[in-house]
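Undergrad: What shape does this take:
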Amino acid sequence: MNQSFLYRLMVACLFLASVPSTVARAEEAISAQGILENADQIRFPRESFQVDVNVTSTAPDQAADIRKYRVLSKGNENSVVMTVEPASDRGQAILMKGRDLWIFLPDVSQPVRLSLSQRLTGQVANGDLARANFTGDYNATILRTDTIDDEKFYVLELTGVDRGVTYHKVLYWIRQTNHWPYRAEFYSLSDRLLKTAYYEDFKLLLGKHRPTRLVMEDALRKGEKSVLEYSEMKLQDLPDKIFTKNYLKKLE
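TA: Purely as a prediction, here's the structure:
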């Protein structure tokens, strides 16, 4: 048996030994991203839709701040967030195309550029309302599994595909049995916990049980939180012209 044959045999053995771990890593990546996509489809429909969102923000020793928005969403790349209440802010609208964001103010002639991570109200960032799903913005891996109240959860670690996403990192608890979202922790670029969200009050909407209440608690300022309540969700045929800067002035 010559040395050349032994060398080729050794290389082949090393390659075969590495295949199972490579396949396992690939299967894990597909599984994690698939779980994330399933949870996204539970939160919101794939089709174009409209939904009303009431946001109540509270803080110790302060009066509650109550706002209402109407969200028009087409895929994960196009959305408009219109302010309905308070009446003094009516006419304001946020446009998202891809990860580009603009706000239109009635008394300002040109739309103003924003970022997804900027605060909209209370604990709610622009991206929390304008960006419907996590799938397009984050790469998912299964960090571990947890058991909470005798129920098993996947814990996904979501890392942003670039710095333009709303949060640098998200830890996301998803029920193993039905892929319902349960809890999310949102982290800054410095890996500091910013806030925790809880998905609650699941109701049958557009053929799926979806969370209609999202509680976002500030991790840095104790006692401050925002509660988002979703209602009047319906599929809507939304033409592309709605999602343009020039069309913002026409929205009411």
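
Undergrad: the helices in the stretch 101-250 of the chain, which residues?
TA: Counting by DSSP state H, counting those that start in this stretch, residue ranges of the helices within the stretch 101-250 of the chain are 126-130.

Undergrad: how about low-confidence regions in it?
TA: 249-250 (pLDDT under 70).

Undergrad: where along it do the strands fall?
TA: Listed from the start of the chain, the stretch 101-250 of the chain has strands (DSSP state E, counting those that start in this stretch) covering 112-114, 119-121, 124-125, 138-148, 151-160, 169-175, 181-187, 193-205, 208-218, 225-235.

Undergrad: Let me have those in CSV, extended by distance to residue 38.
TA: Every residue, glycine included, has its C-beta placed from N, CA and C. Output for the strands of the stretch 101-250 of the chain, formatted as CSV (distance: least, Cβ to Cβ, whole Å):
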stretch, distance to residue 38
strand 112-114, 30
strand 119-121, 27
strand 124-125, 24
strand 138-148, 11
strand 151-160, 10
strand 169-175, 8
strand 181-187, 10
strand 193-205, 14
strand 208-218, 10
strand 225-235, 18
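
Undergrad: most packed of these?
TA: strand 124-125 (a mean of 22; mean count of other Cβ atoms under 10 Å).

Undergrad: got the contact list for that one?
TA: Residues external to strand 124-125 that are found in contact with it (Cβ atoms under 8 Å, 6 or more residues apart in numbering): 55, 57, 116-119, 166-167, 216, 226, 228.

Undergrad: Return the closest of these with respect to residue 145.
TA: Ranking the contacts of strand 124-125 by separation from residue 145, with Cβ to Cβ as the measure, puts residue 167 on top at 22.4 Å.

Undergrad: The closest one touches residue 184, doesn't it?
TA: No - with contacts defined as Cβ atoms under 8 Å, residue 167 does not count as touching residue 184, sitting 9.0 Å away.

Undergrad: Verify the contact between residue 248 and residue 92 for me.
TA: No - counting by Cβ under 8 Å, no contact exists between residue 248 and residue 92, whose distance comes to 9.6 Å.

Undergrad: what is in contact with these two at once?
TA: Taking Cβ under 8 Å, 6+ apart as the contact rule, residue 248 and residue 92 both touch residue 104.
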